[in-house]
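Participant: just need the structure, nothing else, for what follows:
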Amino acid sequence: MDLNGISAVVSGGASGLGEATVRQLADAGATVVVADLNAERGEAVAKEVGGVFVATDVSDEEQVQAAVQAAVDTGRPLRAAVACAGIGWATRTVNRDGQPHDLASYKKVIDVNLIGTFNLLRLSAAAMGRTEPVNEDGERGAIVNTASLAGIEGQIGQIAYSSSKGGVIGMTLPAARDLAAIGVTVNTVAPGILDTPIYGQGPESEQFKERLAAPVPFPKRLGTADEFGRLVRSLLEISYINGEVVRIDGGLRMPPK
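Facilitator: Coordinates of the predicted model:
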């Protein structure tokens with residue numbers, strides 16, 4: 001699929017993996033809706049790439065619908081949606097004091113990471129289904145979701161986060177099968193340890209990142225947001241990749257902790 005001249009929605013597009021994806025799609029000629037809660041940063045990124053910012057809580061149906069509608073309103077057909085919005089959480093199922101995991105925090109992680117991803121998937125797919133096919137295959141669009149190695153090899157304390165990302169992985173194939181009827185592909189990227197602003201800057205940060213990279217077979221470093229964005233772009237452009245979960249991790253297999 002040619003991304004030039006289309007519109008796209010990227011949730012979590014104001015920073016990190018989402019921002020890198022926004023820039024990749026804009027470089028390919030897409031008009032991108034940056035859907036994020038961070039208005040200051042989101043507006044700045046959208047302005048830099050000639051896109052549109054929409055304040056978006058992905059767990060809120062009306063706000064996600066507004067982001068999708070903003071893409072439609074650009075006058076360019078909505079052909080791509082990428083779900084990058086997410087939050088982390090680390091708590092054991094039962095802690096050392098014998099206390100169970102807080103249920104409210106578990107529900108919050110599921111609400112943002114899993115429900116939020118499904119929200120964007122279903123609403124953007126419906127909008128894509130109302131467009132004309134782009135080729136003789138009947139293709140109308142492509143969706144890429146973001147999971148994590150934690151959804152496959154969750155570590156101690158990642159029960160909430162792993163549950164949410166495992167759910168994203170689990171929806172990939174049935175979503176691809178569902179949306180085949182309207183010519184929309186669905187794939188998921190499962191990143192390993194990627195270098196994003198969450199790790200901070202300075203000597204201590206660099207030392208911490210070196211320790212994180214130690215178990216990575218090759219290349220022995222953290223992945224980059226740009227590498228993630230380039231992978232997403234490829235999954236959007238190559239129509240015959242469908243229903244897949246693609247790891248980007250340097251060969252890493254996560255230990256228990």
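
Participant: okay, CA-based contacts and neighbour counts for the rest of this
Facilitator: OK.

Participant: tell me how many other residues crowd residue 236.
Facilitator: By other C-alpha atoms under 10 Å, the residues close to residue 236 number 27.

Participant: and the pLDDT at it?
Facilitator: Looking at residue 236, its pLDDT is 98.

Participant: check the one 3 residues further on too.
Facilitator: The predicted local confidence for residue 239 comes out at a pLDDT of 96.

Participant: please apply the same query to residue 244.
Facilitator: According to the model's per-residue confidence, residue 244 sits at a pLDDT of 98.

Participant: next, the closest residue to residue 174 other than its chain neighbours: phi, psi?
Facilitator: Excluding its sequence neighbours, the residue lying closest to residue 174 (C-alpha to C-alpha, 6 or more residues apart in numbering) is residue 243, at 7.8 Å. Per-residue torsions, residue 243: phi 70, psi 20 (degrees, to the nearest 10).

Participant: how long is stretch 173-190 end to end?
Facilitator: Stretch 173-190 has its terminal residues 14 Å apart, counting by C-alpha to C-alpha, to the nearest Å.

Participant: list of residues touching that stretch?
Facilitator: 125, 128-129, 133, 137-149, 151, 168-169, 172, 232, 235, 239, 241-248 (C-alpha atoms under 8 Å, 6 or more residues apart in numbering).

Participant: follow-up on the earlier one: verify the contact between the residue nearest to residue 174 and residue 171 for me.
Facilitator: No. Taking C-alpha atoms under 8 Å as the contact criterion, residue 243 and residue 171 are not neighbours in contact, 9.2 Å apart.

Participant: restricted to strands, list the contacts of stretch 173-190.
Facilitator: Judged by DSSP state E, these include 141-146, 245-248 as members of strands.

Participant: top of those residues by number of neighbours, please.
Facilitator: residue 141 (31 neighbours).

Participant: ok, that one touching residue 77?
Facilitator: No. The pair residue 141 and residue 77 does not pass the contact test of C-alpha under 8 Å, sitting 9.2 Å apart.

Participant: what touches both of these two?
Facilitator: Shared contacts of residue 141 and residue 77, defined by C-alpha under 8 Å, 6+ apart, comprise residue 128.
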